[in-house]
Structure formats: structure tokens, C-alpha cells
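Enquirer: Compute the structure for the input listed below.
(one chain, ligands or ions: 1)
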Amino acid sequence: MSHDSAPNLDFAGTTPYEDYVQADVLTHLQHPRSDDPGEMVFLVTTQVMELWFTVVVHEWETAARALREDRIPVAMDALKRSARELEALNASWKPIANLTPAQFNAYRDALGEGSGFQSAMYRRMEFLLGDKSASMLVPHRGAPRVHAELEKALHEPSLYDEVLRLLARRGYAVPAEVLERDLAQKYEPSEAVEHVWAEVYGGPDQDTELVRLGEALTDVGELVWRWRNDHLVATRRAMGSKVGTGGSAGVSWLEKRARKNVFPELWTARSHV
Ligand code: HEM
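Expert: From the prediction side, this is the model:
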């Protein structure tokens, strides 16, 4: 084929692009509930974020598995990809970050009781970060596939559990009660684990595999925290202190959620290095 030949236009069935991307499916999943022209970007932003959640979950599951198998470079690649993806996720707040209450009200009622709180993929992200909660499965009782996936994720070691197991295998004093914790419970910060990170970070050589791993996790933690804060500020702008469509107290509830540290000891250990 010469370099100036035109693209192929002749396909017997659907295009190979369509077969791979399923763009026809993807671009017909937008069903606004109101006549307001501003609802489309709210809906698509939400869908775009769901897709990024899906990719990030894939990366963290890849990283967790690789850590379990002591394949650190594979885990690092997945964590670094996830950090770039989280930056793209966070940038996708832009189109809806400055809604006025009147603009949001134009379609808010049409959302009914719908809320991102009911996002199963976001919940899987939180589970992978160690923020497990069986009660978060309750909204999904009516959706067997989603429920089964969440149930599996609830009982699996989180990404952070795998990191702590790796640290233990490398000879660091991660206590047995942390290593043998009930995986379906929320991870609670441990002073001993804080000491471990302080030891990792306080070593004479800063260019170690474990410091690099700690920094990749810190990047992830920071970017998740930024997503929560961007969400909080967008919510404050769009609805002040009204109650949420999901039935929570709204901004004050989100403030409490945003205050939590992802991988807590990676932050607190810094005071002891
Ligand atoms: C300006 C637009 C938005 C407003 C005003 C808003 C408001 C809220 C509120 C008030 C809550 C608390 C639960 C409730 O009572 O509903 C919440 C939770 C949540 N929202 Fe949004 N939201 C917005 C956009 C989004 C978007 C685009 C996403 C993307 C999927 C999203 C994902 C979530 C998630 C995952 C939660 C649960 C957070 C947690 O469990 O900690 N939100 N939102």
C-alpha cells in the first residue's frame, strides 16, 4: 500500500473500530431525564468517571496480584499508570465544577434518589484502598452481578494489605494482628505499621524499591484525596448545605469522608523520619 492511499471504506459488516470500541453502544447510553440542555454534560461526566473508576480498579487489582507474587516492577507500572489515570479522572470535574444552584436545580429533581453514593465501582476503589464495609453492599442487593463482584472484593486482601504483607516478607515488623486481620473490616491505622514506614523512609538509601513503592502509593493517596475534595467543592457550589439526593446530610457528610487519609500510616510516618 503506498503511503498516500486513502483509508479503507469498504467493510462487509460493522467496522473493525466498532468491533473493538463498541462506540455505537457507548454513545447511545445517554438518556437525560429532563429537558435542560445542561443535564447532558452532568450525565456524561458521571459516565466518564465510572469508566475511569473501572480502569483504576483494574490497575490496583493488577498491582495487588503482582505484589502478592513479589513482582514489584509489574506493580509499580500499574500504580504509576493509575496515578496518570487519576489525574485524568480529576480533570474531568472541569465541566461541572462551577454549577450554580439554579443550573443544578434545573435537573436535580429528575435524578430522584440517584446518587454517586450508589456507585459500585467507586466502592470497589474504596475496598481496594482498605476502606471495607459490608453495609455498602446493601444498595446492590437487586443487581446480582454487581453484588457478587463487591462481595468478592470485600473478602479479598486490599492493595494495602498486599503492601503490608510484602513489607512483612521483607523482614519488617508488621504485627500479626495486622497481617491476619478480618479482611472484610475497614483497615484501622496501626502504630507498628507507622514505625515500619518510618524505618523504610528513614534508611540511608532513599533510592530503594520500597521507598519508590511508598511514594507511588502516596501519589495515589493524594490524588484520591484530591478527587474527594474536588467533589466536595463542586457539591458546595451546586447545592450549599441541602441534603443529598442519596439521603445523606450532603456537604457535611462529604467533608467527613474527605478528611480520611488514604494509606494512613504513609502520611503519619513522615513526622517520625
Ligand atoms: C455537582 C455535581 C454533584 C453533586 C452536587 C454531588 C453531590 C453528592 C452528595 C450530596 C453526596 C453524598 C451522598 C448523598 O446524599 O447523595 C455524593 C456522594 C457521592 N458522589 Fe456526588 N455529586 C456530584 C457529582 C458527582 C459525580 C460526577 C460523580 C461521579 C461518579 C459523583 C460520585 C459520588 C460518589 C462516588 C459519592 C459517594 C462518596 C462516598 O461514599 O464517600 N458525584 N455526591
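Enquirer: Not counting its neighbours along the chain, what's nearest the residue of the stretch 51-200 of the chain found nearest the ligand?
Expert: When scored by C-beta to the nearest ligand atom, the stretch 51-200 of the chain has G116 as its residue closest to the ligand, at 2.1 Å. Heads up, the C-betas are built off the backbone N, CA and C, glycines and all. Residue nearest to G116 in three dimensions, not counting chain neighbours: Y122, with 6.6 Å by C-beta to C-beta, 6 or more residues apart in numbering.
Enquirer: what do you get for V178?
Expert: Nearest residue to V178 in three dimensions, chain neighbours excluded: S190, at 5.3 Å (C-beta to C-beta, 6+ apart).
Enquirer: got the phi/psi numbers for the one you found?
Expert: phi -130, psi 140 (degrees, to the nearest 10).
Enquirer: what's the burial count for it?
Expert: Residues contacting S190 under the criterion other C-beta atoms under 10 Å number 17.
Enquirer: ok, it - contacts?
Expert: Taking C-beta atoms under 8 Å, 6 or more residues apart in numbering, we find S190 in contact with P175, V178, E265.
Enquirer: Now a PyMOL select for only the buried ones of those residues.
Expert: Only the buried entries of the contacts of S190 go into this PyMOL selection, using 16 or more other C-beta atoms under 10 Å:
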select buried, resi 178+265
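Enquirer: Mind exporting the C-alpha coordinates of stretch 179-196 to PDB?
Expert: C-alpha atoms of stretch 179-196 as PDB (Å, rounded to 0.1, in the frame of the first residue of the first chain):
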ATOM      1  CA  LEU A 179      -1.400  -9.500  58.700                       C
ATOM      2  CA  GLU A 180      -4.200 -11.700  60.000                       C
ATOM      3  CA  ARG A 181      -6.900  -9.000  60.300                       C
ATOM      4  CA  ASP A 182     -10.500  -9.700  59.200                       C
ATOM      5  CA  LEU A 183     -10.300  -8.500  55.600                       C
ATOM      6  CA  ALA A 184     -14.000  -7.600  55.400                       C
ATOM      7  CA  GLN A 185     -13.500  -4.900  58.000                       C
ATOM      8  CA  LYS A 186     -12.200  -1.400  57.400                       C
ATOM      9  CA  TYR A 187      -8.400  -1.200  57.800                       C
ATOM     10  CA  GLU A 188      -7.500   0.600  61.100                       C
ATOM     11  CA  PRO A 189      -4.200   2.500  61.300                       C
ATOM     12  CA  SER A 190      -1.600   0.800  63.400                       C
ATOM     13  CA  GLU A 191       1.300   2.400  65.300                       C
ATOM     14  CA  ALA A 192       3.600  -0.500  64.400                       C
ATOM     15  CA  VAL A 193       2.900   0.000  60.700                       C
ATOM     16  CA  GLU A 194       3.700   3.700  61.100                       C
ATOM     17  CA  HIS A 195       7.100   2.600  62.600                       C
ATOM     18  CA  VAL A 196       7.700   0.300  59.700                       C
END
